[in-house]
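J.: sequence unavailable; structure follows:
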């Protein structure tokens, strides 16, 4: 199988500019039908400030990969590091993990949900809200500070969840299919929103998605995973400056179409 | 709206049936007082009933308060310390299997004649539904949410206070609703074992003195008390848990 892996396995585990380094990673699960291999020999590195989009078919272990990097799970084989730290507790401290579902607390209003990330670090409730408020204004949520989650649209809820992730103050963001549950129009708008947000608040990002266009539109690099057990079958650099303007225009560009073709080729095998 | 009318209709039908059965020729009015006789007794013994009602209400409310503190407290401890949960759960279930009626006179011996044994019995009856429900609530938090809290590096206490306790509130109120209705029965048992005041004692006394209408009047007020407590808990739940509207029938 043809691969575009750019880092040979013999290279040193992590160089100083790698915010995230994954090498020889394997994760297996025991089920009633025996052992299932979710990830096998995954190698990835993400430079500081880079957006790596990981795209793959459903069930290829994308979410598992993020939870491993985040320090929420431990691998069965291979090494992981975030900001140069390998221990799970240090990875937890380096990474902010945004799960697929928004998981907003129904008893807190919009601002209170975003401020939760600060409160659990010991910031008082009032001070946490005060610090979260400017972000609400900047990211188009100004009028929804006091709305309960049930009154927010799907897109709004994802924005609040993203701000909660941002407010945790970690240098590395791990986004697990953040827009998968949205309708396609809202998803497009949210991709533009996220691109803008990352232009204002640059972070190292690992974005997991099953949407090739989303991966190319948002990523500096796209890693394509195979079906289970997930392995990196291609890495495609996206040589376009971020943010990439209106999504509909970006997608229509010939360079974009050529990247999409390469990614789909790798994805479909 | 229609369901509300149905309740009224059912209630009226029940009263009608009660009146009908009571006025059947073969029915002894020492066993069954009619609704009309009961109402007359309530009017006539108004002051007596109200005085005793306050005594019983005090036992019920204080007993409930003890059960809420002890029940929620032990549920939280059992949730935080797994060995404690595994060790204490059988005891918890056993506490419910104790025949309270038998226990009540012993409580009177132990705690004296005052309010003590009544509170102990009310609390013992109400403790179980509260503890079990709060414990279930604490344990049924979305595991994804706990994962999120872990990734935010929230402490055990922060997760408990900000996620687990709020999400167990609807469970707590379910338990409290059950507790509120059985608390009145507990107070009556307590008074039967030995008391000089209270509706339970009044009913027992009325029974011995063949004052059947007064017995029924006492029972009606005890029932109303339980219904009112149930309604009060439901009302408080609406205010305290606004995100779960219409989750349970009022």
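T.: Thanks, I have it. The shown structure was predicted, so the numbers you read here are calculated from the model rather than taken from an experiment.

J.: looking at chain B, which helix or strand is least sure?
T.: Across the helices and strands of chain B, mean confidence by mean pLDDT, DSSP states H and E is lowest for helix B:100-111: a mean of 78.

J.: tilt between the helix or strand just after that one and helix B:100-111?
T.: Moving toward the C-terminus from helix B:100-111, the next helix or strand (DSSP states H and E) is helix B:116-139. Angle, helix B:116-139 to helix B:100-111, by axes from the mean of the first three to the mean of the last three C-alpha atoms, to 10 degrees: 120 degrees.

J.: so what does residue A:224 look like in phi/psi?
T.: The phi/psi pair for residue A:224 (degrees, to the nearest 10) reads phi -100, psi 130.

J.: residue ranges with poor pLDDT in the stretch 151-269 of chain A?
T.: Counting by pLDDT under 70, the stretch 151-269 of chain A shows no low-confidence range.

J.: same question but for chain B, I mixed them up
T.: Checking chain B against pLDDT under 70 turns up B:1-2, B:245-250.

J.: how far away is the residue of it positioned farthest from its centre from residue A:60?
T.: Going by C-alpha atoms, centre = their mean, the residue of chain B most distant from its centre is residue B:151, 40.7 Å out. Noted for residue B:151: a distance of 22 Å to residue A:60, by C-beta to C-beta, to the nearest Å. For glycine as for every other residue, the C-beta is placed from the backbone atoms N, C-alpha and C.

J.: what of residue B:108?
T.: Taking C-beta to C-beta, one finds residue B:108 at 69 Å from residue A:60.

J.: and these two? which has more neighbours close in?
T.: Each of residue B:108 and residue A:60 has its neighbours counted (other C-beta atoms under 10 Å in any protein chain shown); residue A:60 has more, 24 against 21.

J.: residue A:29 belongs to a strand?
T.: Yes - with DSSP: H, G, I helix; E, B strand; the rest coil as the criterion, residue A:29 is assigned to a strand.

J.: ok, what's across the strand from it?
T.: Here residue A:29 sits in beta bridges with residue A:36, going by DSSP bridges.

J.: residues from chain B in reach of chain A?
T.: Within chain B, the positions near chain A by C-beta under 8 Å from any C-beta of the partner chain are B:142, B:144-145, B:147-155, B:158, B:162-163, B:166, B:241-243.

J.: now the buried members of those.
T.: The neighbour count (16 or more other C-beta atoms under 10 Å in any protein chain shown) marks B:145, B:147-149, B:151-154, B:158, B:162-163, B:166, B:241, B:243 as buried among the residues of chain B next to chain A.

J.: can you name the two of those residues that sit furthest apart?
T.: Between any two of these, the greatest separation by C-beta to C-beta is 28.0 Å, found for B:153 and B:241.

J.: sorry, back to before: out of the buried ones among the residues of chain B next to chain A, the closest to residue B:173 would be?
T.: Closest to residue B:173, out of all of these and judged by C-beta to C-beta, is residue B:241, at 6.6 Å.

J.: and the least confident helix or strand of chain B, what does it pack onto?
T.: helix B:116-139, helix B:165-193 (3 or more C-beta pairs under 8 Å, 6 or more residues apart in numbering or on different chains; DSSP states H and E).
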